[in-house]
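Colleague: just the structure for this:
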Amino acid sequence: MTDHIEPAPARTGARPGPYEGGRRRELAAATVGSVVESFDWNIYAVLAPYFAADLFGHGKGGVSGVLAAYATFAVGFVARPVGSYLIGRLSDTRGRRFALSLGMAVIAVASLGLAALPGQRSIGVWAAVLAVLVRVVQGLAFGGEAPSVAAYVTETAPPRHRFAFSSVSYGGIVLGSLLSFGVLTTLIHTLGKSGLENGGWRWGFLVAALLGLGAVWVRRAAPESEEFHRARAGMRPGGRPPFLRMLREHRWAVLTVFLNTLGGTVGYYFALTYLPQYAAAYHVIDKERASSFMTIVLAVVLVTMLLTGAAADRFGLLPVARIGFGLPIPLVGFLLVGLHGGWLPFQLVAVLLGMMVATVLGTLNVFTGLLFPTEVRAVGLGVVNAATIAAFGGTFPLLAEWLGDHNGLGLIPFYVTLCTAGPAVGLLTAMRVPSFVAAVREAEPGIQRTPGSA
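Modeller: Numbering: from 1, shown residues only. This next block holds a predicted model:
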């Protein structure tokens, strides 16, 4: 049995640019949502110490308001898999643009709700209850955001520039993180710590709401995926299998998404979030100095993601992925041993770990999107992705803290190495998905396919 592969577009004259054919709108619609999602998620985390007492009180029985605020942050992770299923189904039935616009509208309204939420002095314990509910709603919307973006980018990116589009769209997450730290710095310099604690924190969520509304406007102007239209037109009534049967039918795709997400999320939370605290625990560098350097690391990560996407388009996904996905296996443990041994500086280790994470994230949207057929793409990759992030990404800081409290900090390099090896194994399981192999082979440089070729 042979795979039917559509012929590659003929080349005439100059090589077509990645943004020709009106593709700027599609790329902007995908990227702006990633910026807003990351900004909103991070602004809550960095503002939590300032609004904790206002919304959650000072706590009783030793439970602080800050702890309650971070527990509410974690609730959003739990809601994500449910949102992936609900909005993923809408994305696969009503369309990518509908799901993207709906999810972003919910995120924007929820951010506005947090900005306007009365404090405990006004409504008592209801302030905390409403804050939790808002975060649950946002978690549902966030759960549908990533898979809808991945599906939309996979289906609308020019075939010869798929991974460039993937890297730019996922790069929005890094831009959102940088923007959240920039807004926090501006608020601190403008209002001061006391001003933030006395209601100034609300400006951060107001900025998030305005960014979300801007993203809705951008997405409403974006065209629907033509591939989605063709798939829906060719679908017979009742053609979508039940969810559990779909997972069984696409088990290799499910396993691949799990492995890639495992490596990406644990690598992200360790290298870009927890690393300063890890280094400080070994007295290599003080936490404040290490944290301030992470802005530079994020900028390096963004550049590396863009270069990875361009390289995958230029040389093919498989050779780039074999190198990028394989490097963490020998290097993560080596770098961390060198860090706490004192013979590798924190700055070098942070940059190299960030670059290795970037090689996975730069291709992730399209890599995972190609694993599923159009009619189940969003819900298939979305639920697995969100559940993996909730189980391994959202729990990583808690796991690291628990290991530190029980003299197990030395186990972290082994755990991180094991998890970040996931994408390398996932590259092998992806080759068991015929449609993925066909799409990757078709895009290899210098290969021209004809209809009906093997």
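
Colleague: burial measure for Pro276, as a count.
Modeller: Number of residues near Pro276 (other C-beta atoms under 10 Å) recorded here: 23. Quick note: C-beta positions are derived from backbone N, CA and C, even for glycine.

Colleague: same deal with Met355?
Modeller: When neighbours are counted by other C-beta under 10 Å, Met355 registers 20.

Colleague: what do you get for Ser111?
Modeller: Neighbourhood size, Ser111 [other C-beta under 10 Å]: 27.

Colleague: got a list of what it touches?
Modeller: Residues counted as contacts of Ser111 (C-beta atoms under 8 Å, 6 or more residues apart in numbering) are 40, 138, 205-206, 208-209, 212.

Colleague: any idea how far it is from Ile329?
Modeller: Per C-beta to C-beta, to the nearest Å, Ser111 is found 40 Å from Ile329.

Colleague: likewise Leu90?
Modeller: Between Leu90 and Ile329 the computed distance is 38 Å (C-beta to C-beta).

Colleague: Gly333 contacts Leu418, correct?
Modeller: No - the pair Gly333 / Leu418 is not scored as a contact, 10.0 Å apart, by C-beta atoms under 8 Å.

Colleague: okay, now Leu344: neighbour count?
Modeller: Using other C-beta under 10 Å, Leu344 has 17 neighbouring residues.

Colleague: does it fall in a helix, a strand, or a coil region?
Modeller: Recorded secondary structure, Leu344: coil (DSSP: H, G, I helix; E, B strand; the rest coil).

Colleague: excluding its backbone neighbours, what's nearest it?
Modeller: Leaving aside its sequence neighbours, Leu344 sits nearest to Gly338 (C-beta to C-beta, 6 or more residues apart in numbering; 3.2 Å).

Colleague: mind telling me what element the one you found is part of?
Modeller: Counting by DSSP states H and E, the element that carries Gly338 is helix 328-341.

Colleague: now tell me what touches that helix from outside.
Modeller: Under the contact criterion C-beta under 8 Å, 6+ apart, helix 328-341 has outside partners 263, 267, 279, 282, 284, 344, 346, 349, 352-353, 356, 412-414, 416-417, 420-421, 424.

Colleague: in helices, which of those appear?
Modeller: Those of those mapping onto helices are 263, 267, 279, 346, 349, 352-353, 356, 412-414, 416-417, 420, 424, per DSSP state H.

Colleague: now the buried members of those.
Modeller: Buried members of the ones in helices among the contacts of helix 328-341, scored by 16 or more other C-beta atoms under 10 Å, are 263, 267, 279, 346, 349, 352-353, 356, 412-413, 416-417, 420, 424.

Colleague: need those in CSV (columns: distance to Thr185 and pLDDT).
Modeller: As requested, those are arranged in CSV below (distance: C-beta to C-beta, whole Å; pLDDT from 0 to 100):
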residue, distance to Thr185, pLDDT
Gly263, 31, 94
Gly267, 26, 92
Ala279, 22, 89
Phe346, 22, 95
Val349, 25, 96
Leu352, 26, 97
Leu353, 24, 96
Met356, 28, 95
Ile412, 29, 89
Pro413, 32, 90
Val416, 29, 93
Thr417, 34, 94
Thr420, 31, 94
Ala424, 37, 96
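
Colleague: quick check: of those residues, which lies closest to Val35?
Modeller: Val35 has its nearest neighbour among these in Gly267, at 20.7 Å by C-beta to C-beta.

Colleague: so that closest one touches Thr420, yeah?
Modeller: Yes - here Gly267 reaches Thr420: they are 4.8 Å apart, a contact under C-beta under 8 Å.

Colleague: overlap in contacts of the two?
Modeller: Common neighbours of Gly267 and Thr420 (C-beta under 8 Å, 6+ apart) are 328, 356-357, 360.

Colleague: closest to Leu191 among those?
Modeller: For the shared contacts of Gly267 and Thr420, the closest approach to Leu191 (C-beta to C-beta) belongs to Val357, at 33.4 Å.

Colleague: in the chain, what helix or strand scores lowest on average pLDDT?
Modeller: Least confident element among the helices and strands of the chain, by mean pLDDT, DSSP states H and E: helix 396-405 (a mean of 78).

Colleague: that one to helix 412-420, inter-axis angle?
Modeller: Put simply, helix 396-405 runs at 150 degrees to helix 412-420, going by axes from the mean of the first three to the mean of the last three C-alpha atoms, to 10 degrees.

Colleague: which residues sit against helix 396-405?
Modeller: Helix 396-405 is contacted from outside by 265-266, 269-270, 273-274, 277-278, 281, 408-409, 411-412, 415, using C-beta under 8 Å, 6+ apart.

Colleague: any weak-confidence spans in the stretch 201-350 of the chain?
Modeller: Along the stretch 201-350 of the chain, the parts satisfying pLDDT under 70 run over 234-241.

Colleague: where do the helices sit along it?
Modeller: Counting by DSSP state H, counting those that start in this stretch, the stretch 201-350 of the chain has helices at residues 202-220, 226-233, 243-249, 251-269, 275-281, 287-315, 317-326, 328-341, 346-369.

Colleague: counting contacts, what elements does the third one pack onto?
Modeller: Spelled out, that is helix 243-249. Applying 3 or more C-beta pairs under 8 Å, 6 or more residues apart in numbering; DSSP states H and E, one finds that helix 243-249 makes contact with helix 377-388.

Colleague: so the helix it packs on versus helix 251-269, what angle?
Modeller: Using the same axes, to 10 degrees: helix 377-388 against helix 251-269 is 50 degrees.

Colleague: list the contacts of Val216.
Modeller: Val216 sits next to 101, 104-105, 108 when contact means C-beta under 8 Å, 6+ apart.

Colleague: repeat that for 10 Å
Modeller: By C-beta atoms under 10 Å, 6 or more residues apart in numbering, the residues touching Val216 are 32-33, 36, 100-109.

Colleague: buried ones among the contacts of helix 396-405?
Modeller: The neighbour-count criterion (16+ other C-beta under 10 Å) marks 265-266, 269-270, 273-274, 278, 409, 412, 415 among the contacts of helix 396-405 as buried.

Colleague: can you tell me how far Arg432 is from Gly426?
Modeller: Taken as C-beta to C-beta, the span from Arg432 to Gly426 is 11 Å.

Colleague: and the two? which has more neighbours close in?
Modeller: Neighbours of Arg432 and Gly426, each counted by other C-beta under 10 Å, are more numerous for Gly426; the result is 27 against 13.

Colleague: mind listing what's buried in whatever helix or strand that one lives in?
Modeller: Using DSSP H and E, Gly426 falls within helix 422-430. Neighbour-count burial for helix 422-430 flags 422-427, 429-430 (criterion: 16+ other C-beta under 10 Å).

Colleague: correct me if wrong: Ala128 contacts Ala53.
Modeller: No - Ala128 lies out of contact with Ala53 (C-beta atoms under 10 Å); the separation is 11.2 Å.

Colleague: fine by me, thanks again.
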